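Engineer: got a predicted structure plus its sequence, pasted below:
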Amino acid sequence: MGSLFSKPSNKSSQDLKELRNARIKYQDYLANVQTNTRSDVSKNALTPETGTAIYKVVQNAYDWLKKNPSVDITDVQGNQDANTIEIKRLISVDIPKRKFNNTLIALPSILDKLISDKTITSDKKNAFLPTLTAENTWYNSNKATASEIDYTQEFQKINDIITTTFVDSSIISNIKSQVEVAQDLPTSQLNSQLAEYTKKKVELQKQEVNVKSTGQTILNTALNVFTDFLIFSLCLMCGSFAANMAIGRPPMYRVLYFIYGCIPLFAPFVLFYSIYRIFQDKKLHVYSLIPCSIEPSTTRLGRILWHPFYWIPDKHSIDEYKAFMASLPLQVA
């Protein structure tokens, strides 16, 4: 449209002076808005999001002034008035916007704490989650244009759902009081608290998993030790049964029978045969763990150490020995 002085015939020097003053005044206004917005954001008086929106309005105003150097003073003042109204709208809606956003951020952790305190059940939270999802969707879609009235209406929806979902007046009062505290916090501080809470929650869950895992490991280890001990004891018992059933044979035979009975592959056969002998003889003759010697030890320590191998002959063992000796000529022949 040309420079400011391209059509001197259409504007008097006084008009040009007033236009220049109006543009300077507009630029000063925009500079002050930028400075104040930056200060308010740093003090958490404005949310960063609102600050960014105001910066965008200011930048658009600068661009308009640059592209329209020779417009009428009324256009300059009109553009300034329009942008002033938009900036005031952004500032006026910032508080309810921040409170609404803080509410959406804080509610999940508030409900989690109530669940951990056993004040509410997880079913109650699950019943409320669709409301949170819907309100988050609404906020993300309308935060750029929503008015204070819009946020008031959405707040009312959330309060109504809280009342109908949790019913109990003390629980409702507890939730709303915690929400009110969260609303007045800077969003950055609330996000930091939420991040810290989430971190602690994750660590607690890991600890619970570790405790469960440790408990399961201890249980599995105990079961494995018990199973190994049971198998070892069963094999040892079967080896002893085999050695005692060979009571009529020489000691070296009994040791070999003991070893045979201790082998897990043969232990079940020894056990079943021992049971058969019990039914047949009405008794299972057990003299010691490995009956190797009928000579007692002469010392106390020796008697303790030798006890598993020491045995006292009886009629059954003598009969077994006689039967074994009688079978030898037949085996030689």
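Structural biologist: Yep, it's here.

Engineer: give me the distance from stretch 268-286 to the chain's centre.
Structural biologist: In terms of CA atoms, centre = their mean, to the nearest Å, the centre of stretch 268-286 is set 57 Å apart from its chain centre.

Engineer: can you give me the domain assignment for this protein?
Structural biologist: 13-93, 96-200, 214-332 (automatic domain parsing).

Engineer: separation between the residue nearest to residue 60 when sequence neighbours are not counted and residue 317?
Structural biologist: In space, and not counting its chain neighbours, residue 60 is closest to residue 83: 7.6 Å by CB to CB, 6 or more residues apart in numbering. Bear in mind the C-beta positions are built from the backbone N, C-alpha and C, glycine included. Here residue 83 is placed at a distance of 116 Å from residue 317 (CB to CB, to the nearest Å).

Engineer: same thing with residue 80?
Structural biologist: According to CB to CB, residue 80 stands 122 Å off from residue 317.

Engineer: how deep is residue 282 tucked in, by neighbour count?
Structural biologist: As a burial measure, residue 282 scores 7 neighbours (other CB atoms under 10 Å).

Engineer: and residue 256, by the same measure?
Structural biologist: As a burial measure, residue 256 scores 15 neighbours (other CB under 10 Å).

Engineer: pretty sure it is in a helix, no?
Structural biologist: Yes. Assessed with DSSP: H, G, I helix; E, B strand; the rest coil, residue 256 lies in a helix.

Engineer: now residue 116: how far from residue 169?
Structural biologist: As defined by CB to CB, residue 116 lies at a distance of 21 Å from residue 169.

Engineer: kindly apply the preceding question to residue 289 instead.
Structural biologist: Look at residue 289 and residue 169: by CB to CB, they are 75 Å apart.

Engineer: out of these two, which sits in the busier spot?
Structural biologist: Higher neighbour count among residue 289 and residue 169: residue 289, with 18 against 9, using other CB under 10 Å.

Engineer: confidence score at that one?
Structural biologist: Here the pLDDT value assigned to residue 289 is 87.

Engineer: likewise for residue 197?
Structural biologist: Reported pLDDT for residue 197: 65.

Engineer: quick revisit: now distance to residue 206 too, for the domains of the chain, in CSV please.
Structural biologist: Shown next, in CSV, are the domains of the chain (distance: least, CB to CB, whole Å):
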stretch, distance to residue 206
domain 13-93, 33
domain 96-200, 11
domain 214-332, 12
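
Engineer: with respect to residue 208, which of the ones you listed lies nearest?
Structural biologist: Within the domains of the chain, the stretch nearest residue 208 is domain 214-332; the backing value is 10.5 Å (CB to CB).

Engineer: from the chain's centre, how far out does the closest one sit?
Structural biologist: 55 Å.

Engineer: got a list of what residue 122 touches?
Structural biologist: Taking CB atoms under 8 Å, 6 or more residues apart in numbering, we find residue 122 in contact with residue 115.

Engineer: how much space between it and residue 170?
Structural biologist: 19 Å.

Engineer: repeat for residue 152
Structural biologist: Separation of residue 152 from residue 170 (CB to CB): 26 Å.

Engineer: now do the end-to-end distance for stretch 117-128.
Structural biologist: Stretch 117-128 has an end-to-end distance of 18 Å (criterion: CA to CA, to the nearest Å).
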